[in-house]
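Enquirer: sequence and predicted structure below; questions after.
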Amino acid sequence: MDNITNLFPIDTQAPLKILFAASEAQPLIKTGGLADVAGSLPPALRHLNHDIRLILPAYPEVVEKAIPLKEVATLYLGGHLEPVRLLSGTLSEHIPLYLVDAPELFGRPGNPYVGPDGHDWPDNAQRFALFCRAIVAVALNQAGQNWQPDIVHCNDWQTGLVPPLLHYEGNRPATLFTIHNLAYQGIFSHTLFQKLQLPAELWSHNGLEFHGNLSFIKGGLAFADRLNTVSPTYAHEICTPEFGYGLEGLLRHRQDRLSGVLNGIDYHYWNPAADPYIHQHFDHNAFELKRINKRQLQKEMGLPQDEHAFLLGYVGRLVEQKGIDLVLELLPKLARIESLQLVMLGSGVTHFEDALSDAGERHLGNIAIHIGYNEQLAHRIEAGSDCFLMPSRFEPCGLNQLYSLRYGTVPIVRRTGGLADTVVDVTAQRLLDGNATGFVFDAPTAPALWEAIKHAIEFYHRPDSWWQKLAITGMQQDFSWPSSAIQYLDLYHEAILNPVPNPVSPAA
Ligand code: ADP
Ligand code: GLC
């Protein structure tokens, strides 16, 4: 594709046609924060009058929730024998929704990425390669929709083949690739690369090959017209060996096209003044009502109902990223502190689930662990806890600390990624200035986390009203979507105005 668009600057006020591609989206299917973003950024862009359409795989749960649906096309896609149906429906806020229906690949209930045994589905490469090819068909107006987007917004490795597949097309839309988490890359064997019948020229050091394997995420990183991640700090971190997983060279090479845009959150869904899942509504003018939620949470989790106990909450995937090992190391110590309670909700890696369940049973008095996924309980933990634990080893953005802030639940976070960008550590001066919002620690170690928790406990038990001030400052922060949505629009325009010329020659 040549750079002819540069000669005719586009009207940056005109509505854009945007195809938003993701492997999960609230309220249809969710395993983590990607779903929150895919469910709330498109409505924010729709409010700004852009023609945004969402495309997802047709998992059974999604089909069930998205009805009525109609079949709008039959697609014959490379590397796949069966015809694929394209279904069309509507998401909330009148957002058109496309579902890629290939029952032999997506017709499985439960988690979209892993089977009931906790392991990745063995055909994930085929599943998401097919998803990418269907996205490309819609993007090139080859799916009978009489609609060609100006930009395809790809998210994470499951959409990573879209930029390289589009790259060789003449009249293609621009592409933005958003990295929500560089730790998940979609790595498969060379044999699978051949099986997928991907263009042979993509098998190169400058293409999809990564240490002898096929890397889906590398497709997005090497070929997209623009790249971004979900916080400014993580955008810097991934250009270093510590956070780059060997992709830092490529990311540094493309740094002029890489930026960080902080996620927003949906303040309608996460609103303590109107949350249907919590017992007592409250806001920053009625902070004292929060304690009713605390008592209810204690009751629900089988803990003593004690308003004066210091209640620490955790909600999240139980994986190494989240610093669960640090919490596990501290559990015996936390169990010994009278008047401290800990509530944890999560699911993930089996050894973390087992270790936490064991610990929960041993410390019945003050530690309550709920293994599983429970959206409503997550809201009640946000509403009822005094502090929220997020000791992540890395955190591209993190949404739970943002929900916590809005619910007056003071976050305890490690200074990394989006946590560093959204939580302001308590110091005497920042308290006086009215901008402290939480407790921030540096080293990814149990002793450093312990110091931060101790600091929070001491602060909580002070006789003055500083705790309330700290929590209320957090409640008044604004991490809503509009300002981030405008930054995404800027990225879309930059991608359209300055596409990657063909061929690319990135250094891996
Ligand atoms: P990540 O995307 O890395 O998992 P985020 O903080 O960005 O982390 O987002 C996690 C989202 O998933 C939040 O909305 C959180 O409430 C939700 N979540 C994670 N685990 C659970 C669970 N076990 N039950 C309910 N909600 C969960
Ligand atoms: C990822 C990250 C998380 C981020 C979310 C949404 O799953 O781990 O930090 O908030 O994506 O962008």
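Expert: Now that the structure is in, tell me what you want to look at. Numbers count the residues shown, from 1 in each chain. Ligands and ions are numbered 1, 2, ... in the order given.

Enquirer: hey, let's count contacts and neighbours off CA atoms from now on
Expert: Fine.

Enquirer: dump the residue contacts of the residue lying closest to F243 once chain neighbours are set aside.
Expert: In this structure, F243 finds its nearest non-sequential neighbour in E237, 5.8 Å apart by C-alpha to C-alpha, 6 or more residues apart in numbering. Contacts for E237 were tallied using C-alpha atoms under 8 Å, 6 or more residues apart in numbering; they are 243-244, 417.

Enquirer: what's the mean pLDDT across stretch 407-417?
Expert: For stretch 407-417, mean pLDDT rounds to 98.

Enquirer: is it up against ligand 2 anywhere?
Expert: No: if you take C-alpha under 6 Å from any ligand atom as the test, stretch 407-417 misses ligand 2, and the best it gets is 7.8 Å.

Enquirer: so does that stretch get close to ligand 1?
Expert: No: in terms of C-alpha under 6 Å from any ligand atom, no part of stretch 407-417 sits within range of ligand 1; the closest distance is 11.3 Å.

Enquirer: what about dumping the CA coordinates of that stretch to PDB?
Expert: Taking C-alpha atoms only, stretch 407-417 is exported to PDB below (Å, rounded to 0.1, in the frame of the first residue of the first chain):
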ATOM      1  CA  TYR A 407     -15.300   2.200  46.200                       C
ATOM      2  CA  GLY A 408     -13.200   3.900  48.900                       C
ATOM      3  CA  THR A 409     -11.100   0.800  49.300                       C
ATOM      4  CA  VAL A 410      -7.500   2.000  49.600                       C
ATOM      5  CA  PRO A 411      -5.200   0.100  47.200                       C
ATOM      6  CA  ILE A 412      -1.900  -1.400  48.400                       C
ATOM      7  CA  VAL A 413       0.100  -1.800  45.100                       C
ATOM      8  CA  ARG A 414       3.500  -2.500  43.800                       C
ATOM      9  CA  ARG A 415       5.100   0.400  41.800                       C
ATOM     10  CA  THR A 416       4.900  -1.200  38.300                       C
ATOM     11  CA  GLY A 417       3.000  -0.600  35.100                       C
END
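
Enquirer: apart from its neighbours in sequence, what residue is nearest the residue of the stretch 401-508 of the chain found nearest ligand 1?
Expert: Nearest to ligand 1 in the stretch 401-508 of the chain, going by C-alpha to the nearest ligand atom, is Q401, at a distance of 7.1 Å. Among residues not flanking Q401 along the chain, P411 sits closest, at 5.8 Å (C-alpha to C-alpha, 6+ apart).

Enquirer: circling back to that earlier point, next up, the contacts around the residue of the stretch 401-508 of the chain closest to ligand 1.
Expert: If you count contacts by C-alpha under 8 Å, 6+ apart, Q401 has them with 388, 390, 411, 413, 419, 423.

Enquirer: so what's N271 up against?
Expert: Taking C-alpha under 8 Å, 6+ apart, one finds 406-407 in contact with N271.

Enquirer: repeat the analysis, applying 10 Å as the threshold.
Expert: N271 makes contacts with 281-283, 379, 383, 403, 406-407, as judged by C-alpha atoms under 10 Å, 6 or more residues apart in numbering.

Enquirer: do the same with P60
Expert: For P60, the contacting residues are 28-29, 66, 101, 103, 106-110, by C-alpha under 10 Å, 6+ apart.

Enquirer: before we move on, what about F459?
Expert: F459 is in contact with 426, 453, 465-467, 470, counting by C-alpha under 10 Å, 6+ apart.

Enquirer: then H180?
Expert: 33-34, 37, 155-157, 228-231, 234, 263, 395-398.

Enquirer: ligand 1 next: which of those residues are close?
Expert: Okay, of the contacts of H180 touching ligand 1 (C-alpha under 6 Å from any ligand atom), that's 33-34, 398.

Enquirer: in helices only, show me those.
Expert: Using DSSP state H, the members of the ones next to ligand 1 among the contacts of H180 that fall in helices are 33-34.

Enquirer: tell me the mean pLDDT for stretch 338-356?
Expert: Stretch 338-356 comes out at a mean pLDDT of 95.

Enquirer: chain center to it: distance?
Expert: Centre-to-centre, stretch 338-356 and its host chain are 21 Å apart (C-alpha atoms, centre = their mean, to the nearest Å).

Enquirer: quick one: it near ligand 1?
Expert: Yes: using C-alpha under 6 Å from any ligand atom, we find that stretch 338-356 touches ligand 1 at 345-347.

Enquirer: which one of those is nearest G365?
Expert: L345 (16.9 Å; C-alpha to C-alpha).

Enquirer: a helix runs through that closest one, doesn't it?
Expert: No: if the criterion is DSSP: H, G, I helix; E, B strand; the rest coil, then L345 is strand and not within a helix.

Enquirer: dump the contacts of Q401 into JSON lines; add distance to Y460 as well.
Expert: Shown next, in JSON lines, are the contacts of Q401 (distance: C-alpha to C-alpha, whole Å):
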{"residue": "F388", "distance to Y460": "13"}
{"residue": "M390", "distance to Y460": "18"}
{"residue": "P411", "distance to Y460": "13"}
{"residue": "V413", "distance to Y460": "16"}
{"residue": "L419", "distance to Y460": "21"}
{"residue": "V423", "distance to Y460": "18"}
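
Enquirer: nearest to ligand 2 among these?
Expert: L419 (8.5 Å).
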